[in-house]
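In: build me a model:
(4 chains)
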2 protein chains.
Amino acid sequence: MTLQTIADELGVSRMTVSNAFSRPDQLSAELRDRVLATATRLGYSGPDPAARALAKGSSGTIGLVFTDRLHYAFTDEVATHFLAAISEELSESGRGLTLLGSKAHGDLVPTRDIPLDGALVYACGASSEAVDWLRRRRLPLVFVDQEPVEGYPCVNVDDRGGARAAACHLVDLGHRRIAIITRLANESGPADLATLPDAAYTTQQRMAGWFEALQPAGAVLTVVNAQDSTESAGYEAAGCFLGLPEAERPTAVLAYSDRIALGAAQAARDAGLVVPDDLSVVGFDDAGFAATARPPLTTVRQDVARKGHEATALLRVAIDDRGVQHTDHRLLPTELVVRASTAPAR
Amino acid sequence: MTLQTIADELGVSRMTVSNAFSRPDQLSAELRDRVLATATRLGYSGPDPAARALAKGSSGTIGLVFTDRLHYAFTDEVATHFLAAISEELSESGRGLTLLGSKAHGDLVPTRDIPLDGALVYACGASSEAVDWLRRRRLPLVFVDQEPVEGYPCVNVDDRGGARAAACHLVDLGHRRIAIITRLANESGPADLATLPDAAYTTQQRMAGWFEALQPAGAVLTVVNAQDSTESAGYEAAGCFLGLPEAERPTAVLAYSDRIALGAAQAARDAGLVVPDDLSVVGFDDAGFAATARPPLTTVRQDVARKGHEATALLRVAIDDRGVQHTDHRLLPTELVVRASTAPAR
DNA sequence: ATGGCATACTGTACCGGTACAGCCACCTCT
DNA sequence: AGAGGTGGCTGTACCGGTACAGTATGCCAT
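Out: Numbers count the residues shown, from 1 in each chain, chains lettered A, B, ... in the order given. Below is the predicted model of the structure:
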């Protein structure tokens, strides 16, 4: 059951049938109706998408690669908002969004074997094998939240500036013993700063911003790693320094994310401390729950939706006029949002 | 730059090059290495996915269609957990997950034009145009959370039984004036029961379950529609009956979702009522936040992750042995979880 | 010698479309 | 009347692979 079947049935050429479906202006309305009617009668549902993708050189869908197990993409509020923005922007153009596991299975390597018109690469690290396949395929790509890659458009957030602003805020409040709960790799426990070069780009930038503000101020730093970006990981990480005698205990915490910050705040409360009087807490992202947390969380806002929209728009341009090399590097602003989880050091 | 380019360069047949990439056991290791080396040297990245999809009849990705604007899929906790489960199950088989907008744009109709091996249809209503395309394509499909479709596998949750259990619970506690905050369509205000036949299947089932328990008990019902499944919609909907004089005011609420329930509880508090003393509140889904809400929410648990896993597994089977018609209809259990948001009627 | 059987590679026949240049009839303009 | 344009359909040449049935060669047992 192909175009030819219909063509034979009506005694017209295969091209005419193809045009009836794909380029209505190429034949008379009367003939087109007959073609469509015949197709319906014979149970032909229209041109085969796979064949069409091959012939047209376009499959109607773009890919998205994440670092972590894909699972993460749906449990983290920042990630889901990013996804929502992408899907919104994408539905404007009628394209699909294909989530690509970064892990090969058997002989099926998603980033190598799935037809795509282009892809977004989110927080993957430049040397990921999955991403290598996309590059080898010479697909239009846009990199988001990771080290800019030469020759490709990139969208980043001013993590460094935001982190610096957050740290300055604490310094201005008089804090000099400060804990950092960051996210180096997938290990917990006290962080080894030597692994920083391997950390995600976002981590690197935030760390750099914090240090830029804290070191000149002579702050004493305690750096702790959180296993992942969740409340429980933040809770656990905070445990590393909450037990210290008061004279040594940090008076403020800079957290990699709002969820980690909330976990740390809870740990402080459970240790009998009051936030912000005994411990100031600063998050990152300004997720929806940050404003309604108790106390409302001081944090660094990033516009996740805009990140998704810009990245998708950039990719669409790169797909629409291939050949031209696009290499825009966008840096979206961040903004310190001071709420009630920070207070002057005593 | 195709297989033939490499074949000519080495003086072997195109098939041999194809086999070097796709069926390594079909040629000697030595020749395979030479083929691969030559490919790398010439900058050939492997068989073209679109061509391969056409020839093999498989594109390596499955589709997912949602009712609402795709956006919803990422903001609702139940939906995201469902997605997470799907992606987890899917990454086992190395396939991608393509999110399909249900709205056509220009001449690109996602469900008609994107190559797919099969698709999951989630809460779409059987007569959606997007879904029609999938059916016409004769793709393997699995329907989830919607009216079972003859000839296809379906996965549903025992919404009706769960709702009945929730309503019984209230009846057992002595409540006789009961409000229902449901989700009929996209209008707010007092609900018109006449529109029930057009409501989503899930809504129909929950309504049926509630009524089954409440009507025999002679309860007086107030049915209100929530605009969407959010706290603010629940808050607003609860306003419709919280202002009634105490003798007429419902003493308990059955909500379509946990978020709606939480909104209603907040509205009650803001109206000077105490939950559960003045108003018992029951949610639905047992989302993560239900247990930690204040007070912890009595609700009906459904296993969203299992729903995702089963649906995906069913789809995989349907794809793997096409031809055989699979028509399993699975009904997953629900369970009433009694917490502290319900109390005996005064 | 001879049949049987791997192993390694090749040839042909698809998979199901689209792009684009042509062709022909008919109409319009001068 | 002839040039020029236009609407409507067709033919050919791709798009870039895979499946499967050969064919040739070497090796072993009979």
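In: now do the contacts for the closest residue in space to A:G174 that isn't next to it in sequence.
Out: Nearest residue to A:G174, sequence neighbours excluded (CB to CB, 6 or more residues apart in numbering or on different chains): A:A345, at 4.0 Å. C-betas here are computed from N, CA, C, even on glycine. Contact analysis of A:A345 by CB atoms under 8 Å, 6 or more residues apart in numbering or on different chains lists A:L173, A:G174, A:H175, A:R176, A:T251, A:A252, A:S280.
In: do stretch A:125-144 and DNA strand D meet?
Out: No: using CB under 7 Å from any atom of the strand, we find that stretch A:125-144 stays clear of DNA strand D, coming within 10.1 Å at best.
In: averaged pLDDT, that stretch. What do you get?
Out: Mean per-residue pLDDT for stretch A:125-144: 91.
In: who does A:S280 bridge with?
Out: Listed beta-bridge partners, A:S280: A:A252 (assigned using DSSP bridges).
In: excluding its own residues, what touches the helix or strand A:T203 falls within? List them.
Out: Using DSSP states H and E, A:T203 maps to helix A:201-214. Contact partners of helix A:201-214, identified using CB under 8 Å, 6+ apart, comprise A:123, A:125, A:145-147, A:157, A:159-168, A:171, A:178, A:180, A:182-184, A:196-197, A:199, A:221, A:254, A:256, A:284.
In: just the buried ones from those?
Out: The neighbour-count test (16 or more other CB atoms under 10 Å in any protein chain shown) marks A:123, A:145-147, A:157, A:159-168, A:171, A:178, A:180, A:182-184, A:196, A:199, A:221, A:254, A:256, A:284 as buried among the contacts of helix A:201-214.
In: show me those that map onto helices.
Out: A:D159, A:R160, A:G161, A:G162, A:A163, A:R164, A:A165, A:A166, A:A167, A:C168, A:V171 (DSSP state H).
In: what parts of chain A come near DNA strand C?
Out: So chain A meets DNA strand C at A:2-4, A:14-15, A:18, A:21-23, A:47-48, A:50-52, A:54-56 (CB under 7 Å from any atom of the strand).
In: which of those count as buried?
Out: A:L3, A:S18, A:F21, A:P47, A:D48, A:A50, A:A51, A:R52, A:L54.
In: hang on, the earlier thing: where's the residue nearest to A:G174 relative to A:V12, distance?
Out: Using CB to CB, to the nearest Å, A:A345 is found at 83 Å from A:V12.
In: the helix holding A:T203 versus helix A:159-172: what angle between them?
Out: 30 degrees (axes from the mean of the first three to the mean of the last three CA atoms, to 10 degrees).
In: I'd like the average pLDDT over helix A:201-214.
Out: 95.
In: next one: stretch A:150-162
Out: Here stretch A:150-162 scores 96 as its mean pLDDT.
In: so does that stretch get close to chain B?
Out: No: Stretch A:150-162 does not reach chain B (CB under 8 Å from any CB of the partner chain); its nearest approach is 15.0 Å.
In: send me that stretch as PDB with only the CA atoms.
Out: Provided in PDB are the C-alpha atoms of stretch A:150-162 (Å, rounded to 0.1, in the frame of the first residue of the first chain):
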ATOM      1  CA  GLU A 150      33.500  26.500  19.300                       C
ATOM      2  CA  GLY A 151      31.400  26.700  16.200                       C
ATOM      3  CA  TYR A 152      28.000  26.100  17.800                       C
ATOM      4  CA  PRO A 153      25.400  28.400  19.300                       C
ATOM      5  CA  CYS A 154      25.300  28.300  23.100                       C
ATOM      6  CA  VAL A 155      23.000  29.600  25.700                       C
ATOM      7  CA  ASN A 156      24.300  30.100  29.200                       C
ATOM      8  CA  VAL A 157      23.200  31.800  32.400                       C
ATOM      9  CA  ASP A 158      25.400  34.200  34.300                       C
ATOM     10  CA  ASP A 159      25.900  31.700  37.000                       C
ATOM     11  CA  ARG A 160      29.200  33.300  38.000                       C
ATOM     12  CA  GLY A 161      27.800  36.800  38.400                       C
ATOM     13  CA  GLY A 162      24.800  35.500  40.300                       C
END
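In: could you count how many residues lie near whichever residue of the stretch 201-346 of chain A sits closest to DNA strand D?
Out: With CB to the nearest atom of the strand, the shortest gap between the stretch 201-346 of chain A and DNA strand D falls at A:R322, namely 13.1 Å. Residues lying near A:R322 (other CB atoms under 10 Å in any protein chain shown) number 14.
In: wait, it touches A:L141, no?
Out: No: the pair A:R322 / A:L141 is not scored as a contact, 11.8 Å apart, by CB atoms under 8 Å.
In: give me the distance between A:T342 and chain B.
Out: 24 Å (CB to the nearest CB, to the nearest Å).
In: low-scoring stretches of chain A, by residue?
Out: A:68-69, A:185-197 (pLDDT under 70).
In: which residue ranges form the helices in it?
Out: Counting by DSSP H, the helices of chain A are A:3-10, A:14-22, A:29-42, A:49-56, A:72-75, A:77-91, A:110-113, A:129-136, A:159-172, A:201-214, A:231-242, A:258-270, A:304-320.
In: tell me the angle the third one makes with helix A:14-22.
Out: Orientation note: helix A:29-42 sits at an angle of 90 degrees relative to helix A:14-22 (the same axes, to 10 degrees).
In: mind listing what's buried in helix A:29-42?
Out: A:R32, A:R34, A:V35, A:L36, A:T38, A:A39.
In: quick check, nearest of these to B:E129?
Out: Taking CB to CB as the measure, B:E129 lies nearest A:L36 of these, at 16.0 Å.
In: circling back to that earlier point, so which two of the ones in helices among the buried ones among the contacts of helix A:201-214 are the farthest from each other?
Out: A:D159 and A:V171 (18.4 Å).
In: my guess is A:A238 contacts A:A252, does it?
Out: No: assessed by CB under 8 Å, A:A238 is found out of contact with A:A252, at 11.9 Å.
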